[in-house]
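1. Please find the sequence and the predicted model below.
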Amino acid sequence: MTDSTRKISKKAGLPPGTLVHIGEKRSDHVKISVIDYTPEKINEIVCTSANEIRQFKNEDSISWINIDGVHDLDLIQKIGDDFKLHHLVMEDIVNTDHRPKLEEFDDYIFLSIKMLGISPNKKEVVSEQVSFILGDSWILSFQEQEGDIFDDLRERMRLNKGLLRQKPVDYLLYRLIDTIVDNYFFVTENFSEMSEHLEEEVLTDPSESVLASVQQLKRQILTFKKSIYPLREAVSSIYKNDNRISAENQRYFIDVYDHIIQLYENVESQREVIASIRDLYLSGMSNKMNQIMKVLTIIATIFIPLTFVAGIYGMNFDKMPELHWENGYAMVWILMGVMLVIMLVFFRRKKWL
């Protein structure tokens, strides 16, 4: 039983909204960082407690408050109380195993999403849950560990490049989601490269280890599909929210939605490719077995007439005329050799060899 399963079992029977961290503990400490900005200035702060971020809730500027580490339940409870988050939302934040989802409230929007990447050996998909809460002028983001794919976005905010610091807070949410979705394309590209490599291996050497790699890639693609399928509906609901998403920014979320549809189509095509590779493997193994049976059949066919001749002259009859020939032994060997050559020439002309 995994740790996540144990914690889910431990949670059974508790009141709704009870905070129980479900998932792997990926960091030993919690880091709270804030980027507070206006079109004219930007301020980056590293906070040591939840009390320090309370002030950004009612600021005229836009604040991106990022929390790395969701295993500190007391901290999550404190932040939830300060920002008046629903207890079920806080429960979803610390549960890193559930599927992506969107919930809309009167004062904020809650979005849970999977941030996917490729492991250093390029053989596995690395998944991390990220939760976003969009308020009037602030965004709370909760990540499992420090380090993410938003460094370029932070740098553009510092240098005031593009529209990010000129737009309202919903545009920041779009950029965060768009960055995660764009990174999904690197994952699908890795799937394509792995598929091409496995196809080559299946054609050259269809071994059992190749089949295991095919099955592993199939599971990764299925996990990827489970991550993006509910995200499609979540993003669709976001751009239809007229209260939190401005009309001018709705088109950006529609663009993200289109990208997710494209990713979903890519995943479906990859599943078909994996199925074809598996069929190719089975066909290759069948052909390999047929080749083995062909060689064994030819060997058996060659020895059948030789065994027949040896069987005849192995009989112990007294009246067999050839038994007393002076060159009978040599003649039998010559006869067998001639029969062998004739059969080999016949098989060669039939292109069985």
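-> Perfect, I can see it now. Numbering: from 1, shown residues only.

2. Can you name every helix or strand that the host helix or strand of residue 336 contacts?
-> In this assignment (DSSP states H and E), residue 336 forms part of helix 328-349. Applying 3 or more CB pairs under 8 Å, 6 or more residues apart in numbering; DSSP states H and E, one finds that helix 328-349 contacts helix 247-312. In short, each C-beta sits where N, CA and C put it, glycine included.

3. So which bits of the helix holding residue 336 are buried?
-> By neighbour count with 16 or more other CB atoms under 10 Å, helix 328-349 contains the buried residues 332, 336, 343.

4. Just to check, the last one is in contact with residue 306?
-> No - under the criterion of CB atoms under 8 Å, residue 343 makes no contact with residue 306, lying 9.4 Å away.

5. Figure out the length between the terminal residues of stretch 115-125.
-> 10 Å (CA to CA, to the nearest Å).

6. what's the answer for stretch 195-215, then?
-> Using CA to CA, the end-to-end distance of stretch 195-215 comes to 11 Å.

7. For that stretch, give me every contacting residue.
-> Contacts with stretch 195-215, where a contact means CB atoms under 8 Å, 6 or more residues apart in numbering, come from 194, 217, 270, 273-274, 277-278, 280-281, 284-285, 288.

8. Check which residues of that stretch are buried.
-> So stretch 195-215, judged by 16+ other CB under 10 Å, has buried residues 195, 198-199, 201-202, 206, 210-211, 213-214.

9. Over to stretch 86-102?
-> If you call a residue buried by 16+ other CB under 10 Å, then stretch 86-102 has these buried ones: 89-96, 100, 102.

10. Just the C-alpha atoms of that stretch, please, in CSV.
-> Backbone C-alpha positions of stretch 86-102 (Å, rounded to 0.1, in the frame of the first residue of the first chain) are rendered in CSV as follows:
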residue,chain,number,x,y,z
HIS,A,86,-13.8,27.5,1.4
HIS,A,87,-12.7,24.6,3.5
LEU,A,88,-13.3,22.2,0.6
VAL,A,89,-10.9,24.3,-1.5
MET,A,90,-8.2,24.0,1.1
GLU,A,91,-8.9,20.3,1.2
ASP,A,92,-8.3,20.1,-2.6
ILE,A,93,-5.1,22.1,-2.3
VAL,A,94,-3.4,19.6,0.0
ASN,A,95,-4.7,16.6,-2.0
THR,A,96,-2.2,16.3,-4.8
ASP,A,97,-3.6,13.1,-6.3
HIS,A,98,-7.0,14.3,-7.6
ARG,A,99,-7.8,15.2,-11.2
PRO,A,100,-7.7,18.8,-12.5
LYS,A,101,-10.8,20.8,-11.6
LEU,A,102,-12.4,24.2,-11.6
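
11. the helices in the stretch 51-200 of the chain, which residues?
-> Assigned by DSSP state H, counting those that start in this stretch, the helices in the stretch 51-200 of the chain fall at 73-82, 87-94, 151-159, 169-204.

12. Kindly reformat these as CSV containing mean pLDDT and distance to residue 34.
-> Output for the helices of the stretch 51-200 of the chain, formatted as CSV (pLDDT from 0 to 100; distance: least, CB to CB, whole Å):
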stretch, mean pLDDT, distance to residue 34
helix 73-82, 90, 12
helix 87-94, 90, 18
helix 151-159, 92, 12
helix 169-204, 90, 13
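
13. Would you tell me which of those helices gets closest to residue 115?
-> helix 169-204 (5.3 Å; CB to CB).

14. Against residue 74, how distant is the spatially most central residue of the chain?
-> Central residue of the chain (CA atoms, centre = their mean): residue 220, 3.4 Å from the mean position. Plainly put, residue 220 is 36 Å away from residue 74 if you go by CB to CB, to the nearest Å.

15. now do residue 202
-> Here the criterion is CB to CB. By it, residue 202 lies 53 Å from residue 74.

16. picking that back up, for ChimeraX, write the selection for the buried entries among the contacts of stretch 195-215.
-> ChimeraX command restricting those to the buried ones, with burial defined by 16+ other CB under 10 Å:
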select :194,217,270,273,274,277,278,280,281,284
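
17. Dump the contacts of stretch 195-215 to CSV, plus distance to residue 119.
-> Output for the contacts of stretch 195-215, formatted as CSV (distance: CB to CB, whole Å):
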residue, distance to residue 119
194, 12
217, 13
270, 18
273, 21
274, 19
277, 21
278, 23
280, 26
281, 24
284, 28
285, 29
288, 32
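
18. what two of the contacts of stretch 195-215 are the furthest from one another?
-> It's 270 and 288 that sit farthest apart of those, by CB to CB, at 26.3 Å.

19. Residue 120: which of the helices of the stretch 51-200 of the chain is closest?
-> Taking the helices of the stretch 51-200 of the chain one by one with CB to CB, helix 169-204 is closest: 12.0 Å.

20. thinking again about what came up before, looking at the buried residues of helix 328-349, spot the one nearest residue 238.
-> Among the buried residues of helix 328-349, and counting by CB to CB, the member closest to residue 238 is residue 343, at 75.8 Å.

21. pLDDT weak spots in the chain?
-> Within the chain, the ranges that satisfy pLDDT under 70 run 1-17.

22. And it, what are its domain boundaries?
-> With domains defined by automatic domain parsing, the chain comprises 3-283, 289-349.

23. Can you say which of those is packed in most?
-> Compared across the domains of the chain, domain 3-283 shows the largest average neighbour count, a mean of 17 (mean count of other CB atoms under 10 Å).

24. Would you mind writing the CA trace of stretch 271-284 as CSV?
-> Taking only C-alpha atoms (Å, rounded to 0.1, in the frame of the first residue of the first chain), the coordinates of stretch 271-284 have been written out as CSV:
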residue,chain,number,x,y,z
ARG,A,271,-2.3,6.1,-28.6
GLU,A,272,-3.0,4.8,-32.1
VAL,A,273,0.7,4.8,-32.9
ILE,A,274,1.4,2.8,-29.7
ALA,A,275,-1.3,0.3,-30.6
SER,A,276,0.3,0.0,-34.1
ILE,A,277,3.8,-0.5,-32.6
ARG,A,278,2.4,-3.2,-30.3
ASP,A,279,0.7,-4.9,-33.3
LEU,A,280,4.0,-4.6,-35.1
TYR,A,281,5.8,-6.3,-32.2
LEU,A,282,3.4,-9.2,-32.2
SER,A,283,3.7,-9.5,-35.9
GLY,A,284,7.5,-9.4,-35.7
